[in-house]
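>>> here is a sequence together with a model predicted from it:
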Amino acid sequence: MTDVDFGRVIYLVLMLAAVGSWVFVQNRQRLGKTIQQLAIWAFIFLGVIAGYGLWDDIRRTVLSQQSVIRNSGQIAVPRSADGHYYLTLNINSVPVTFLVDTGATDVVLNAKDARRAGIDPDALAYLGRANTANGEVRTASVWLDSISLGPITDTNIRAWVNQGELDQSLLGMSYLQRWSSIEIRNGSLVLTR
């Protein structure tokens, strides 16, 4: 700690002692009530900190998720807070969250999601190349036994495993074209089979 930091700490301690002394002297007749009020403010402060720390979990719980409308064969996906659309599909019976990317040609799995779906990324031959916003990456072709979205299941789907850094698996046009209609309506992506 530098001399300047040490001086600031001493100043803050002295200010806290002065304010604390004043509060104590002013409220010495009602000390129990003062302690109760300080405790209430401390709990409010802790509640605000907890709410801020848990905001992402709260938002995921409160905001609407993808919904399946069985009678019409539609899937409605609300726009995420970041402006993108995310779909959770079952790949080989394992739930995987995809970023819907109409600019991607194919279904692209990152290494983590491929491993979860039963594909060993270390055993693949990365013979393909893909141009991305981050430059060229190597890819490996794989066949997925099944992709399910709600009640709709497709089998023997070709996908690619990305060897580069990819935070989120991508759901590209090779899968999206299997749907008869894709539209954005009232802040939701609506897929119709």
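In hand now; what should we look at? Not measured: the values here are computed from a predicted model. Numbering: from 1, shown residues only.
>>> just checking, what packs against whichever strand or helix holds residue 17?
Assigned by DSSP states H and E, residue 17 belongs to helix 3-26. With contacts defined as 3 or more C-beta pairs under 8 Å, 6 or more residues apart in numbering; DSSP states H and E, helix 3-26 has these neighbours: helix 31-53. (C-beta placed from N, C-alpha, C; glycine too.)
>>> given the biggest strand by length in the chain, what are its sheet partners and their directions?
Looking across the chain with DSSP state E, the single longest strand is strand 135-149. When pairing is defined by DSSP bridges, strand 135-149 lines up against strand 86-91 (antiparallel), strand 128-132 (antiparallel), strand 152-162 (antiparallel).
>>> same list (these) but as JSON lines, adding mean neighbour count and mean pLDDT.
Shown next, in JSON lines, are the strands paired with strand 135-149 (neighbours: other C-beta atoms under 10 Å; pLDDT from 0 to 100):
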{"stretch": "strand 86-91", "mean neighbour count": "19", "mean pLDDT": "90"}
{"stretch": "strand 128-132", "mean neighbour count": "13", "mean pLDDT": "81"}
{"stretch": "strand 152-162", "mean neighbour count": "17", "mean pLDDT": "89"}
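>>> for residue 115, which of those is the nearest?
Residue 115 lies closest, by C-beta to C-beta, to one member of those: strand 152-162, at 9.4 Å.
>>> CA-only coordinates of that closest one in CSV, if you can.
Presented in CSV, the C-alpha positions along strand 152-162 are these (Å, rounded to 0.1, in the frame of the first residue of the first chain):
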residue,chain,number,x,y,z
ILE,A,152,-40.0,-33.1,-34.8
THR,A,153,-37.1,-35.5,-35.3
ASP,A,154,-34.7,-35.7,-38.3
THR,A,155,-32.2,-38.5,-38.7
ASN,A,156,-28.9,-38.9,-40.4
ILE,A,157,-28.0,-35.2,-40.4
ARG,A,158,-24.6,-34.0,-41.7
ALA,A,159,-22.9,-31.6,-39.4
TRP,A,160,-19.4,-30.2,-38.9
VAL,A,161,-17.2,-30.0,-35.8
ASN,A,162,-15.2,-26.8,-35.6
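>>> that strand: how far from the chain's middle?
Centroid displacement of strand 152-162 relative to its chain, using C-alpha atoms, centre = their mean, to the nearest Å, is 23 Å.
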